[in-house]
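[1] no sequence for this one, just the structure:
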């Protein structure tokens, strides 16, 4: 399925905002030294920030990762407000998930390191599950699909499973246009569209997106 071309957003490597500066420093260190090899104090040094100030904001490395996930969520939702996804529910989810991968692209090597280091960490898995559920719920809502109630919980779990499967493909996708990633996402969403819980519901916003923007 064709989609609009969008540039990946890497951002300033040294952001002025303290939280963004900490996140950027943590991702740089994850890429260059390995997530399992760094401590909070290392992140403070890389961010050129007193350790006490960093610790007041993030008392653990997992808290930095949660903030990174929220930052990506915020950028994705802001983009969906200014440029709403179009088409069917399946098309809107495809667009939004690929936008998410676009935002993550500059940090792919760092994410590989983080996932390797946290693969067998139960606490990291629990924190990651919460961040994933929040991210997929906001994606569903941005696509005009309810994430509330029992049916919403089913949608969140279904979309989370799809995203995690495609995430693994994206981490190894070396093509410039993410062709393998898009093909897998397309296939899994098509399969979900034939089901009932994930995509078959009324939109939670009017069809006239321009009026809502």
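    Looks like it arrived, so ask away. The model shown is predicted, which means the values in this text are computed figures rather than measured ones. Numbers count the residues shown, from 1 in each chain.

[2] any idea of the pLDDT on the nearest residue to residue 131 once chain neighbours are set aside?
    Nearest non-adjacent residue to residue 131, counting by C-beta to C-beta, 6 or more residues apart in numbering: residue 69, 4.1 Å away. Heads up, the C-betas are built off the backbone N, CA and C, glycines and all. On pLDDT, residue 69 comes in at 97.

[3] tell me what the host helix or strand of residue 69 is packed against?
    Assigned by DSSP states H and E, residue 69 falls within helix 61-82. Judged by 3 or more C-beta pairs under 8 Å, 6 or more residues apart in numbering; DSSP states H and E, helix 61-82 is in contact with helix 18-32, helix 40-46, helix 89-104, helix 122-142.

[4] and of those, who's closest to residue 194?
    With respect to residue 194, and counting by C-beta to C-beta, the nearest of these is helix 89-104 at 10.1 Å.

[5] which element follows that closest one toward the C-terminus?
    helix 108-118.

[6] helices or strands next to that following helix in the packing?
    Under the contact definition 3+ C-beta pairs under 8 Å, 6+ apart, helix 108-118 sits against helix 18-32, helix 122-142, helix 149-171.

[7] just say which of those helices is most tucked in.
    Highest mean neighbour count among those (mean count of other C-beta atoms under 10 Å): helix 18-32, with a mean of 21.

[8] before we move on, back to that, include distance to residue 187 and mean pLDDT when you put the helices and strands packed on helix 108-118 into TSV, please.
    Formatted as TSV, those follow (distance: least, C-beta to C-beta, whole Å; pLDDT from 0 to 100):
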stretch	distance to residue 187	mean pLDDT
helix 18-32	30	97
helix 122-142	18	95
helix 149-171	9	95
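
[9] do you know which of these lies nearest residue 86?
    helix 122-142 (12.4 Å).

[10] what sits up against the closest one?
    Under the contact criterion C-beta atoms under 8 Å, 6 or more residues apart in numbering, helix 122-142 has outside partners 62, 65-66, 69-70, 72-73, 76-77, 80, 85, 92-93, 96-97, 100, 118, 146-147, 152, 155-156, 159-160, 163-164, 204.
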